[in-house]
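**Student:** Test case, fold it:
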Amino acid sequence: MGFGLPYGNSLKLPFEKSFYAGGPNDIRAWRTRNLGPGSNIKEDYFERFGDLKITTNVEYRFDIYRKLKGATFIDAGNIWLWKTYSDNNLGVFNSNTFLDQMAIGTGLGIRFDFTFFILRLDGAIQVRDPKQPLDERWVLKSQNFRNITYNFGIGYPF
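**Tutor:** Numbering: from 1, shown residues only. Prediction:
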């Protein structure tokens, strides 16, 4: 969980201090900066940042063969704006609706564990997509092999 609040004469957080969601170290069913804020449906990747971030991950790791390990995981979370900066209110944090705007993804991965560093490849699919209409957010049934998001990473995601 993270929260940033601009102070002084700043109206919003600097871009490099803002939060983003998605990618190999976050909610792996989305590409980096392709999720949020909130239930935002804009396709502008430069505006996908927020002041508040809530994420959680559960990962079960298991041995396959010597240095080859496997993993199965579930990621959940999103980012939000603390206050509106434009006409888009879908990305502003609201304590009554933030649970409806949580994204959920799940997947499998392999890890090459060389003790001093780890190479990993994860494949994930979306289970719950907050940008869909409220009654259509559970999207697992509509997923197929073309919807798998692959992520390559060095080290563990969290």
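**Student:** Pass me the low-pLDDT residue ranges in the chain, would you?
**Tutor:** 43-47, 85-88, 158 (pLDDT under 70).
**Student:** ok, which stretches of it are strands?
**Tutor:** 2-3, 52-65, 68-80, 103-113, 118-128, 149-154 (DSSP state E).
**Student:** got TSV for these, with mean neighbour count and distance to residue 135 too?
**Tutor:** For the C-beta atoms, the positions are set from N, CA and C on the backbone; glycine is no exception. Shown next, in TSV, are the strands of the chain (neighbours: other Cβ atoms under 10 Å; distance: least, Cβ to Cβ, whole Å):
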stretch	mean neighbour count	distance to residue 135
strand 2-3	12	30
strand 52-65	14	23
strand 68-80	20	18
strand 103-113	19	16
strand 118-128	19	12
strand 149-154	15	24
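**Student:** and of those strands, who's closest to residue 25?
**Tutor:** strand 149-154 (6.5 Å; Cβ to Cβ).
**Student:** Against which helices or strands is the closest one packed?
**Tutor:** strand 118-128 (3 or more Cβ pairs under 8 Å, 6 or more residues apart in numbering; DSSP states H and E).
**Student:** Report the angle between the strand it packs on and strand 68-80.
**Tutor:** 50 degrees (axes from the mean of the first three to the mean of the last three Cα atoms, to 10 degrees).
**Student:** Please enumerate residues in contact with strand 118-128?
**Tutor:** 24, 28-30, 71, 73-76, 102-112, 137-140, 143, 147-157 (Cβ atoms under 8 Å, 6 or more residues apart in numbering).
**Student:** next one: stretch 74-82
**Tutor:** Outside stretch 74-82, the residues that reach it (Cβ under 8 Å, 6+ apart) are 3, 5, 19-21, 26-29, 35-38, 48-58, 91-93, 98, 101-106, 124, 127-128, 130.
**Student:** Touching, residue 2 and residue 26? I think so.
**Tutor:** No - judged on Cβ atoms under 8 Å, residue 2 makes no contact with residue 26 at a distance of 11.5 Å.
**Student:** Make TSV out of the strands of the chain and add distance to residue 15.
**Tutor:** Putting those into TSV (distance: least, Cβ to Cβ, whole Å) gives the following:
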stretch	distance to residue 15
strand 2-3	15
strand 52-65	15
strand 68-80	13
strand 103-113	22
strand 118-128	26
strand 149-154	23
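**Student:** Indicate which one of those is closest to residue 42.
**Tutor:** strand 68-80 (13.4 Å).
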